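Novice: Need coordinates for the following:
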Amino acid sequence: MARTLRTLLTDDLLERVHERAATHDRENTFPHDDLDDLRAAGYLTAFVPEQLGGAGLTLEEVAREQVRLAAAAPATALAVNMHLVVTGLAALLAGHGDDSVGFVLRDAAAGEVFAFGNSEAGNDLVMFGSRTRAERQPDGGYRFHGTKIFTSLGPVWTRLATFGLDEDHPDGPRLVHGVVGREGVTTKDDWDTLGMRATQSATTVLDGAYAPADQVYRALPPGPSADPFIFALFAVFETLLAAVYTGVGRRAVELAVAAAHRRTSFKHDGRPYAHDPDIRWKVAEAALAQDGAELQVFALARDVDERADHGSRWFAQLVGLKVRATETARVVVDLALRVGGGGGYFTGNELNRLYRDVLAGIYHPSDDESAHGTVATSVLGPLPD
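Specialist: The predicted structure follows:
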């Protein structure tokens, strides 16, 4: 029986978002109108259960929506991705009977906008270590002191999911995860980048930012962990990140097809390049890669939803998905540029913007070095001590 996949994003909404994308890229501004449209469509509560007033979408359904949104405006999709990661991991845990982050879903239903503040300069341990100091308070809450980078939604978030190291925890050093508000937080105006400019992923300084006790949801030993929170975080983060870059590839194929039909060959009596065997090969190569990327994103998202058993290879599957999706998107955009001709080299051309945006994929965790290490361990076993 065919499954019915639910959708929140209308074609009209996506067209409006697409029309604004070039301006936000050129002016390096946050897409407030896009966020308003997405909020009105119920997209910020996509993962929130229906009983709380949300749409209750699955990871696969949101991944499909993120591909569509990223095809319209990559930076808008990447920005809202971080809110969706926080709410998505909360929904995944809640669906497994763990309500430790249920407050995230309730707050999202009430209109709060979540950002994801974990990345730190020079921290190649990523989620398994932190340069940020977490100080336990007498009431059981925590204050965080440190600097986070690449904090998307910088101008608009109202809640920040973050973490830091409590070296004085009674059970030994612990990585403490919690949610803070704007008090004790400075958002720098320092986002001036090659691409993904509208995300406004500013540097965030935590100077005593406070997470109340009921919003501190994990205190884990440094290093890898089997805690369900870590799996939920990786599953939603890597899948939705892959979806965004796969959306960039989808748009690049559309532009390549349009260019092949629009451009004509003086050498071949004005016939469109769509009749040229070499151009046809390039477009086909892009489409082959894109088809594979979309299939793998949706399939693994469905596996998360259906609790498929990948056993010890789950993390290898997730980090592998992210690397394959981002690298495939780079190849697809490059092929589209070659089909589109020299016009793509000019600022203002959409393919020029996609080329700059897609490069950001190499900087998101898990990077290719970390992913290869994870995959190698999953198939070869760990290195000897």
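Novice: For residue 124, grab phi and psi.
Specialist: Main-chain torsions, residue 124, degrees, to the nearest 10: phi -90, psi 0.
Novice: and if you look at the one 10 residues further on?
Specialist: Recorded main-chain torsions at residue 134 are phi -110, psi 120, according to degrees, to the nearest 10.
Novice: how about the nearest residue to residue 348, chain neighbours excluded?
Specialist: Excluding its sequence neighbours, the residue lying closest to residue 348 (C-beta to C-beta, 6 or more residues apart in numbering) is residue 22, at 6.9 Å. Backbone N, C-alpha and C define where each C-beta goes, glycine included.
Novice: no no, residue 91
Specialist: In space, residue 91 comes closest to residue 47 once its chain neighbours are excluded; the distance is 4.1 Å by C-beta to C-beta, 6+ apart.
Novice: How about residue 360?
Specialist: Distances taken as C-beta to C-beta, 6+ apart put residue 196 closest to residue 360, at 4.5 Å, once the chain neighbours are dropped.
Novice: I'd like to check which residues are in contact with that neighbour.
Specialist: 74, 75, 78, 356, 357, 360 (C-beta atoms under 8 Å, 6 or more residues apart in numbering).
Novice: What's the local residue count around the second one?
Specialist: Spelled out, it's residue 75. 27 (other C-beta atoms under 10 Å).
Novice: how about the helices in the protein?
Specialist: Using DSSP state H, the helices of the chain run over 11-27, 32-40, 59-72, 74-95, 102-109, 228-262, 277-305, 314-340, 350-358, 368-380.
Novice: buried ones in the third one?
Specialist: Yep, that's helix 59-72 we're talking about. Applying a neighbour-count criterion of 16 or more other C-beta atoms under 10 Å, the buried positions in helix 59-72 are 59-72.
Novice: Residue 104 versus the closest residue to residue 92 other than its chain neighbours, what's the distance?
Specialist: Excluding the flanking residues, the one nearest residue 92 by C-beta to C-beta, 6+ apart is residue 232, at 4.4 Å. Distance from residue 232 to residue 104, counting by C-beta to C-beta, to the nearest Å: 11 Å.
Novice: can you check residue 160 too?
Specialist: Separation of residue 160 from residue 104 (C-beta to C-beta): 12 Å.
Novice: still on that earlier bit, the helices of the chain into a markdown table, with extra columns for mean pLDDT and distance to residue 181?
Specialist: Converted to a markdown table, these look like this (pLDDT from 0 to 100; distance: least, C-beta to C-beta, whole Å):
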| stretch | mean pLDDT | distance to residue 181 |
| --- | --- | --- |
| helix 11-27 | 98 | 26 |
| helix 32-40 | 98 | 19 |
| helix 59-72 | 98 | 25 |
| helix 74-95 | 98 | 14 |
| helix 102-109 | 98 | 10 |
| helix 228-262 | 98 | 21 |
| helix 277-305 | 98 | 30 |
| helix 314-340 | 97 | 30 |
| helix 350-358 | 98 | 30 |
| helix 368-380 | 92 | 31 |
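Novice: how about those in JSON lines, adding distance to residue 117?
Specialist: Below are these laid out as JSON lines (distance: least, C-beta to C-beta, whole Å):
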{"stretch": "helix 11-27", "distance to residue 117": "22"}
{"stretch": "helix 32-40", "distance to residue 117": "18"}
{"stretch": "helix 59-72", "distance to residue 117": "20"}
{"stretch": "helix 74-95", "distance to residue 117": "9"}
{"stretch": "helix 102-109", "distance to residue 117": "14"}
{"stretch": "helix 228-262", "distance to residue 117": "13"}
{"stretch": "helix 277-305", "distance to residue 117": "24"}
{"stretch": "helix 314-340", "distance to residue 117": "19"}
{"stretch": "helix 350-358", "distance to residue 117": "22"}
{"stretch": "helix 368-380", "distance to residue 117": "20"}
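Novice: returning to what we had before: in this structure the residue nearest to residue 91 contacts residue 57, no?
Specialist: Yes - applying C-beta atoms under 8 Å, one finds residue 47 in contact with residue 57, separated by 6.3 Å.
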